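Engineer: The sequence isn't on hand, but the structure is:
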């Protein structure tokens, strides 16, 4: 089955370009009609490429390819950074996927589009209690911080430092509070406040990465037995548990919506680039 749909790509000039893609549904692939997409800082990194942008998409499954059993036509689903996996190796099953991912493969698929063809193994049912606009940022932004908050042995009443109140930071604050942690929010202008976390042996969990060198004194880390644990792309199980938790606790990102059009995407990216987004941009298809 061949399906044609509209997409929005980057370009060498750094402008968003509308295009049309035709793809054939292969084994275990589904076609999802995109109604909303979160906007991420990672999308800025690929603005000057020719790939379809976006990796936080949600809507209904409209068609299924051969062998699909995990979802059906009409299911409310979301998709994120990972496009496809082998689904059989230890990493895929347990922790990190053997993957085709955003910005690395499959350049004709993305959530800045009116549709996407995706590996059914990397599609997640959206619970009925979550609307599409607020579910979209959960597919990457919230999933990234959720993994950090839940995977490394933290317990209720533990102190958690969250650096910044941006797209990831603001939802991390909501999730951490709902998990029962003592939440401490750190701004980038108050780096010395990190030293208060070093009073006893503990862990520092970076919730995202920058291209700057860490200003945390490494000698202090060594003397006090503190380790740094990184986290970037969430596992499938982590995304599923996040969606269930967010629905149960009624947690939703704070969003600002824009039209899912060339003009809407460029406006949203400009606001994000200027540091004025409060707090997560979501592109919404108005048709």
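Structural biologist: Nice, thanks for sending it over. The model shown is predicted, which means the values in this text are computed figures rather than measured ones.

Engineer: low pLDDT regions in the stretch 51-200 of the chain?
Structural biologist: Scanning the stretch 51-200 of the chain for pLDDT under 70 picks out 87-99, 187-200.

Engineer: which non-adjacent residue is nearest residue 128?
Structural biologist: residue 76 (7.3 Å; Cβ to Cβ, 6 or more residues apart in numbering). No exception for glycine: its C-beta is placed from N, CA and C like everyone else's.

Engineer: Just list whatever residues bridge to that neighbour.
Structural biologist: Note on residue 76: beta-bridge partners by DSSP bridges are residue 60.

Engineer: need the contact list for it.
Structural biologist: Going by Cβ atoms under 8 Å, 6 or more residues apart in numbering, residue 76 touches 58-60, 125-126, 128, 132.

Engineer: For residue 236, give me phi and psi.
Structural biologist: phi -60, psi -40 (degrees, to the nearest 10).

Engineer: which ones are touching the residue most central in space within the chain?
Structural biologist: Nearest to the mean C-alpha position of the chain, by Cα atoms, centre = their mean, lies residue 140 at 0.9 Å. Counting by Cβ under 8 Å, 6+ apart, residue 140 touches 38, 40, 42, 55-56, 80-81, 234.

Engineer: can you do 7 Å?
Structural biologist: Going by Cβ atoms under 7 Å, 6 or more residues apart in numbering, residue 140 touches 38, 40, 55-56, 80-81.

Engineer: if we can go back for a sec, buried only: go through the contacts of residue 76 for me.
Structural biologist: Among these, those buried by neighbour count (16 or more other Cβ atoms under 10 Å) are 58-60, 126, 132.

Engineer: and the helix or strand hosting residue 173, what does it pack onto?
Structural biologist: Element membership for residue 173, per DSSP states H and E: helix 167-178. If contacts are counted by 3 or more Cβ pairs under 7 Å, 6 or more residues apart in numbering; DSSP states H and E, helix 167-178 sits against helix 141-151, strand 159-163, strand 182-186.

Engineer: What pairs with the last one, parallel or antiparallel?
Structural biologist: Counting by DSSP bridges, the strands paired with strand 182-186 are strand 159-163 (parallel).

Engineer: Now do the strand it pairs with: distance to the chain's middle.
Structural biologist: 20 Å (Cα atoms, centre = their mean, to the nearest Å).

Engineer: Buried residues, it. List them.
Structural biologist: Neighbour counts using 16+ other Cβ under 10 Å place 160-163 of strand 159-163 among the buried residues.

Engineer: Please, which helix or strand holds the residue nearest to residue 114 when sequence neighbours are not counted?
Structural biologist: Nearest residue to residue 114 in three dimensions, chain neighbours excluded: residue 6, at 4.4 Å (Cβ to Cβ, 6+ apart). Residue 6 belongs to strand 2-9 when assigned by DSSP H and E.

Engineer: I'd like the next helix or strand past that strand.
Structural biologist: Per DSSP H and E, the first helix or strand lying C-terminal to strand 2-9 is strand 17-24.

Engineer: Can you point out the buried residues in that following strand?
Structural biologist: In strand 17-24, counting by 16+ other Cβ under 10 Å, buried: 21, 23.

Engineer: Check stretch 52-66 too.
Structural biologist: Buried residues in stretch 52-66, defined by neighbour count with 16+ other Cβ under 10 Å: 52-61, 63-65.
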